[in-house]
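Visitor: predicted model and sequence below, questions to follow.
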Amino acid sequence: MEQILDLLGNYVSEAFELAGYEKDLGKVTISNRPDLCEYQCNGAMAGAKRYHKAPVMIAQDVAQVLEGCDAFESVQAVPPGFLNLKLSANLLAGYLNEMKEDPRLGVPAVEQGKTVIIDYGGANVAKPLHVGHLRSAVIGESVKRILRFLGHHTIGDVHLGDWGLQMGLIIAQLHEEQPDLPYFDENWTGAYPEEAPFTISELEQIYPQASKRSKEDEAFRAEALKATEQLQHGHRGYRALWQHILDVSCADLKKNYDSLNVSFELWKKESDAQPYIPDLVDYLKREGYAHLDQGALVVDVAEESDTKKIPPCMILKSDGASLYNTTDLATIVMRMENWKPDHIIYVVDKRQDLYFTQVFRCARKAKLVNGDTQLTFLGFGTMNGKDGKPFKTRDGGVMRLENLIADIDEEMLRKICENHEADPEQARETAKTVALSAIKYGDLSNQASKDYVFDVEKFTSFEGNTGPYILYTIVRIKSILRKYQEETGRSDEALADLKILAPAGESEKALGLSLTGFTPAVLLAGEELAPHKICGYIYELANQLNHFYHETKILTESAEAQRESYIALLLLTLRVLECGIDLLGFFAPDKM
Ligand code: ARG
């Protein structure tokens with residue numbers, strides 16, 4: 001369906017032409033003075049130079065043509081030459097009815113969808129998910145949903161960290177604690193046990209212990225480094241152990257991501273890129289992209305226009321070991337080979353900005369990607385506590401994501417039970433749903449690159465710019481619709497058939513206008529990879545809905561056609577809000 005701005009633009013362009021000016025001047029935008037008008041056209045300003053005429057005169061000519069045009073309720077030419085436009089109630093109703101018939105709610109799908117890989121999550125195997133991983137999961141999931149909705153072929157890849165020293169640390173620690181395990185028996189030729197020698201909670205204790213120890217105990221650290229190297233060179237027993245670590249850890253990670261309503265199309269790991277490294281290194285050497293620098297193999301990535309120093313991208317250390325960089329470059333090769341992405345987006349802590357600059361430049365310079373492959377670093381800021389410092393537990397430790405979620409669930413449950421008596425089972429379920437909205441909206445409503453304060457009190461509030469407020473609004477609409485259906489016995493299909501009439505009141509029109517903003521909001525969010533644009537939009541829409549609700553007797557309206565129109569308007573608002581939160585990665589309960 002045609003977009004509202006294009007629709008209005010057509011009318012105004014035609015008016016420019018009829019008034020003797022060129023058509024292209026008739027572009028219409030959303031008003032930046034909502035107190036004066038709903039839409040505006042600045043074409044007369046641009047026309048002034050072309051026609052050597054005062055812009056206000058051109059605007060007046062066009063306004064005269066538009067007088068009586070049934071698309072507009074009013075058209076005003078105001079100095080220095082703006083056209084201030086108000087939409088006619090009929091045109092608005094027509095647009096809303098069309099939007100209502102469209103399963104995509106008016107949002108156009110791109111003609112040619114791109115293949116986009118979104119690298120997010122970034123959890124590390126055998127380490128518990130902590131709040132640092134929350135932002136990547138929440139933002140990445142939303143970006144993926146927005147792009148998918150716009151018609152792109154999106155592939156989310158969790159890109160697990162499973163290849164570093166952490167593996168050697170765990171192996172070395174296990175070796176000490178359980179030396180009799182067959183994995184450590186160099187003469188073992190049989191099959192290894194199918195059952196892992198640890199549970200997830202044991203595993204999660206092993207890592208922090210081992211990590212702490214390696215900082216104090218030189219000999220232990222050397223053991224861990226050796227084990228890492230042996231693992232990487234294919235030590236049979238360590239490989240088997242590593243597989244156990246992966247299996248146990250991934251099962252737990254999946255559970256955690258599930259509870260965040262986050263899912264990945266690919267569960268690739270750093271280790272999956274390793275087989276690509278030898279060829280990559282050969283290629284970089286052969287083609288002269290890489291050179292030796294003090295024994296290390298590096299690719300220069302500095303550019304003349306740089307204002308700060310961009311160090312070379314290191315491919316191999318002088319001892320021949322590969323690095324985090326090497327893995328990321330090999331991952332790019334793997335992705336190009338298998339999925340041929342047009343665009344790869346990395347949703348990672350913004351402190352890795354310089355790092356990704358190096359990786360991207362190296363990938364481009366060495367032609368690991370096509371000339372038109374887009375590489376985007378979507379860096380996010382730190383999630384801070386109320387003290388402005390990175391979010392910690394009460395005793396100052398790293399907050400586990402699971403505990404953070406449990407805390408918010410509890411807080412939400414308390415609030416829900418405070419509000420009304422509820423069936424305990426149901427209340428717990430609802431609390432979880434609302435808590436998820438609190439956590440995700442609290443994060444997504446901020447521009448990703450900014451640090452933000454995780455304020456439990458604020459995020460869980462039912463008032464203000466919060467997830468619970470949006471859900472509360474949705475539940476309010478659902479409850480009205482339910483009552484209407486109970487009273488009239490109308491089916492869902494019958495409800496969907498109801499028509500929206502031209503708005504009679506101020507708040508009704510404002511709600512309708514707000515609904516027309518859905519398409520531009522989604523398009524902008526997709527263009528800028530910015531979920532906060534969706535938050536801003538649905539918050540405004542929720543406010544308009546609540547304003548309308550307070551001003552209007554909906555169910556007790558006596559004129560039946562009017563009442564039906566209200567119901568249709570509510571239903572459309574509900575669909576837009578639900579589509580909006582789905583793009584953000586959460587959902588609403590039926591009651592709360
Ligand atoms: N595992 C890394 C970490 O915890 C994040 C990985 C980000 N993605 C990437 N392709 N490097 O910091």
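Guide: Good, I have the coordinates.

Visitor: from His532, how far off is the residue nearest the centre of the chain?
Guide: Closest residue to the average C-alpha location of the chain: Ser142 at 2.5 Å, with CA atoms, centre = their mean. Distance of Ser142 to His532, given as CB to CB, to the nearest Å: 9 Å. From N, CA and C alone the C-beta is placed, and that goes for glycine too.

Visitor: ok, now Ala196?
Guide: Between Ala196 and His532 the distance is 41 Å, computed by CB to CB.

Visitor: cool, Leu444 as well?
Guide: Leu444 sits 6 Å away from His532, going by CB to CB.

Visitor: same question, Leu134
Guide: 16 Å.

Visitor: compare neighbour counts for those two and give me the winner.
Guide: Taking other CB atoms under 10 Å, Leu134 and His532 do not tie; Leu134 has more neighbours (23 against 20).

Visitor: quick check, pLDDT for that one.
Guide: Confidence at Leu134, expressed as pLDDT, is 93.

Visitor: wasn't it part of a helix?
Guide: Yes. Counting by DSSP: H, G, I helix; E, B strand; the rest coil, one finds Leu134 located in a helix.

Visitor: wait, isn't it in contact with Lys440?
Guide: No. Leu134 lies out of contact with Lys440 (CB atoms under 8 Å); the separation is 9.2 Å.

Visitor: overlap of the contact sets of these two?
Guide: Here Leu134 and Lys440 have Leu260 as joint contacts, going by CB atoms under 8 Å, 6 or more residues apart in numbering.

Visitor: what residues are up against Val301?
Guide: 310, 312-313, 357-358, 361-362, 365.

Visitor: among these, which are in helices?
Guide: Using DSSP state H, the members of those that fall within helices are 357-358, 361-362, 365.

Visitor: what parts of the protein come near the ligand?
Guide: Neighbours of the ligand within the chain, by CB under 6 Å from any ligand atom: 119, 122, 124, 159, 161, 328, 346, 348.

Visitor: residues near the closest residue to the ligand within the stretch 51-200 of the chain, how many?
Guide: Among all residues of the stretch 51-200 of the chain, Gly122 sits closest to the ligand, at 3.1 Å; criterion: CB to the nearest ligand atom. Neighbour count for Gly122, taken as other CB under 10 Å: 20.

Visitor: pretty sure it sits against Ser136.
Guide: Yes. The pair Gly122 / Ser136 is scored as a contact, 5.2 Å apart, by CB under 8 Å.

Visitor: which residues do these two both contact?
Guide: In contact with both Gly122 and Ser136: 347-348, using CB under 8 Å, 6+ apart.

Visitor: shared neighbours, Ser142 and His532?
Guide: Listed as contacting both Ser142 and His532 by CB under 8 Å, 6+ apart are Leu444.

Visitor: what strand or helix carries the closest residue to Ser491 other than its chain neighbours?
Guide: Spatial nearest neighbour of Ser491, excluding adjacent residues (CB to CB, 6 or more residues apart in numbering): Gln485 at 7.7 Å. Using DSSP states H and E, Gln485 sits in helix 467-488.

Visitor: packing partners of that helix?
Guide: Helix 467-488 makes packing contacts with helix 424-444, helix 492-497, helix 531-551, helix 560-584 when contacts are defined by 3 or more CB pairs under 8 Å, 6 or more residues apart in numbering; DSSP states H and E.

Visitor: helices or strands next to the first one in the packing?
Guide: Packing contacts for helix 424-444, counted by 3+ CB pairs under 8 Å, 6+ apart, involve helix 131-149, helix 401-419, helix 456-459, helix 467-488, helix 531-551, helix 560-584.

Visitor: and the residue of the stretch 351-500 of the chain found nearest the ligand, what pLDDT?
Guide: In the stretch 351-500 of the chain, the residue found nearest to the ligand is Gln352; the distance is 7.0 Å by CB to the nearest ligand atom. In the predicted model, Gln352 carries a pLDDT score of 96.

Visitor: and what of Gly536?
Guide: The predicted local confidence for Gly536 is 97.

Visitor: residue contacts, the residue of the stretch 451-592 of the chain found nearest the ligand?
Guide: Proximity of the stretch 451-592 of the chain to the ligand (CB to the nearest ligand atom) peaks at Leu529, 15.9 Å away. Leu529 makes contact with 143, 146, 345, 376, 378, according to CB under 8 Å, 6+ apart.

Visitor: and which of the residues you listed is nearest to Leu498?
Guide: Ile146 (29.5 Å; CB to CB).

Visitor: need the strands for the stretch 251-400 of the chain, in chain order.
Guide: For the stretch 251-400 of the chain, the strands defined by DSSP state E, counting those that start in this stretch occupy 290-293, 296-299, 313-316, 343-349, 374-380, 383-384.

Visitor: and for the second one, what's in contact with it?
Guide: By CB under 8 Å, 6+ apart, the list of residues contacting strand 296-299 from outside reads 281, 284-285, 289-292, 312-318, 362, 365-366.

Visitor: where does the stretch 201-350 of the chain get nearest to the ligand, residue-wise?
Guide: Val348 (4.5 Å).

Visitor: could you double-check that that residue sits in contact with Val359?
Guide: No. Val348 is beyond contact range of Val359, at 10.7 Å (criterion: CB under 8 Å).

Visitor: quickly find the element holding the residue of the chain most remote from its centre.
Guide: Centroid-distance maximum for the chain: Asn187 at 50.3 Å, with CA atoms, centre = their mean. Per DSSP H and E, Asn187 falls between elements, in no helix or strand.

Visitor: tell me the mean pLDDT for stretch 462-479?
Guide: 97.

Visitor: in it, what's buried?
Guide: Residues 462, 465-478 are the ones in stretch 462-479 that count as buried (16 or more other CB atoms under 10 Å).

Visitor: what does stretch 314-326 give?
Guide: Using 16+ other CB under 10 Å as the test for burial, stretch 314-326 gives 314-316, 322, 325-326.
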